[in-house]
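Trainee: Mind folding the following:
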Amino acid sequence: MSESIELRFREEVLSRYEKCSKYLIPKDAYFQMIEDIRRASERKNTKSCHEYYLLSKYEVLQCGDVEKIIKKRQTLYETPVYYVSIEDTFDIVKRAHIAIGHGSRDRMTKELQVKYANIQPSDLIDVQSMSCTTFKWIMVYQDHLTKFCVLRPLTPKRAAEVAFQLADNFLLLGAPVIFQSDNGSEFTAQIITELRSLWHELSIVHGKPRHPQSQGSVERANGDIKDMLVAWMADNN
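Mentor: Below you'll find the model as predicted:
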């Protein structure tokens, strides 16, 4: 699964190369740029316009046994900002995603733009669009008393599918007297409210989405579930 996602990511980024060649650099072009920058910096006589451009935009930094292209610095004490090849982009994005606790695209963009000059928000392809199956969501149902959780995969977040899975959970654990959800539209749709017609004593309570005071137990459980799923996916590729 991970290899398939990586391949599709690289194919998608490579497909944008012609339109975005200013910041998308294939590996062979990356190595050629290193040679061009070095040659321009060593040339003593008159340089071409392209060579002046390269020296005004880029430097080559020796990192151990590897040479890397960085953004032109005003002083040697500035923190390097790296340019990366298309082939290396996936691994860098993946490491950043893990480093920020599998956060959103905006958080990843903020993390990456501190260190890298040519990784754009458009490179951070939504994982949903790269899903290897039809399932793109996970519904978490928790019994408040015992903290027992049931996970159900969902294809879309349509109210009808959520209602079906809820009804199935009720048959598994018993119908609750009080059903609490956040205020997401997928849970406030009419078909969810109509669950009361099946269980007349059911009361539906709406808490604030991602609000610890009203949803604290579920939010903590979601964090634990995410960590367990990440570990399971890593172990099982």
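Trainee: where's the residue lying farthest from the centre of the chain relative to residue 51, distance?
Mentor: Distance from the C-alpha centroid of the chain peaks at residue 45, with 47.9 Å (CA atoms, centre = their mean). Look at residue 45 and residue 51: by CB to CB, to the nearest Å, they are 11 Å apart. Where you see a C-beta, it was placed from the backbone N, CA and C, and this is true even at glycine.
Trainee: Likewise for residue 177?
Mentor: In terms of CB to CB, residue 177 sits 76 Å off from residue 51.
Trainee: go on, residue 152?
Mentor: Relative to residue 51, residue 152 is positioned 60 Å away (criterion: CB to CB).
Trainee: I'd assumed residue 152 was in a helix, is it?
Mentor: No. Read with DSSP: H, G, I helix; E, B strand; the rest coil, residue 152 is strand and lies in no helix.
Trainee: Can you name the residues that contact it?
Mentor: 138-139, 141, 165, 168-169 (CB atoms under 8 Å, 6 or more residues apart in numbering).
Trainee: same check, this time on residue 143
Mentor: Neighbouring residues of residue 143 by CB under 8 Å, 6+ apart: 149, 173, 176.
Trainee: Now, of those residues, which are buried?
Mentor: residue 176 (16 or more other CB atoms under 10 Å).
Trainee: and the contacts of residue 143 as CSV, adding secondary structure?
Mentor: Output for the contacts of residue 143, formatted as CSV (three-state DSSP):
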residue, secondary structure
149, strand
173, helix
176, coil
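Trainee: remind me which residues of this structure are low pLDDT?
Mentor: Scanning the chain for pLDDT under 70 picks out 1-3, 102-105, 121-133, 157, 182-194, 196, 198, 206-217, 237.
Trainee: Can you show me the helices along it?
Mentor: Secondary structure of the chain (DSSP state H): helices located at 2-15, 27-42, 49-57, 86-99, 105-113, 159-173, 185-188, 190-193, 212-235.
Trainee: And the protein, what are its domain boundaries?
Mentor: Annotated domains of the chain cover 2-130, 137-235 [automatic domain parsing].
Trainee: Just give me the neighbour total for residue 62.
Mentor: Applying other CB atoms under 10 Å, we find 8 residues neighbouring residue 62.
Trainee: typo on my end, residue 72
Mentor: Quick note: residue 72 (other CB under 10 Å) scores 13 neighbours.
Trainee: Equivalent analysis for residue 203, please.
Mentor: 11.
Trainee: thought it was touching residue 180?
Mentor: No. Counting by CB atoms under 8 Å, no contact exists between residue 203 and residue 180, whose distance comes to 9.1 Å.
Trainee: related to what we said a few turns ago, can you pull the contacts of the residue farthest from the centre of the chain?
Mentor: The contact partners of residue 45, taken as CB under 8 Å, 6+ apart, number zero.
Trainee: Kindly report the same for the one 5 residues further on.
Mentor: By CB under 8 Å, 6+ apart, residue 50 lies in contact with residue 36.
Trainee: For the residue found closest to residue 56 once you drop the neighbours it is linked to in the chain, grab phi and psi.
Mentor: Spatially, and ignoring its direct neighbours in sequence, residue 56 is nearest to residue 72 (6.4 Å; CB to CB, 6 or more residues apart in numbering). In terms of degrees, to the nearest 10, the main-chain angles of residue 72 are phi -60, psi 130.
Trainee: these two touch, right, residue 72 and residue 52?
Mentor: No. Applying CB under 8 Å, one finds residue 72 not in contact with residue 52, separated by 11.9 Å.
Trainee: and the gap between residue 149 and residue 136?
Mentor: Using CB to CB, residue 149 is found at 20 Å from residue 136.
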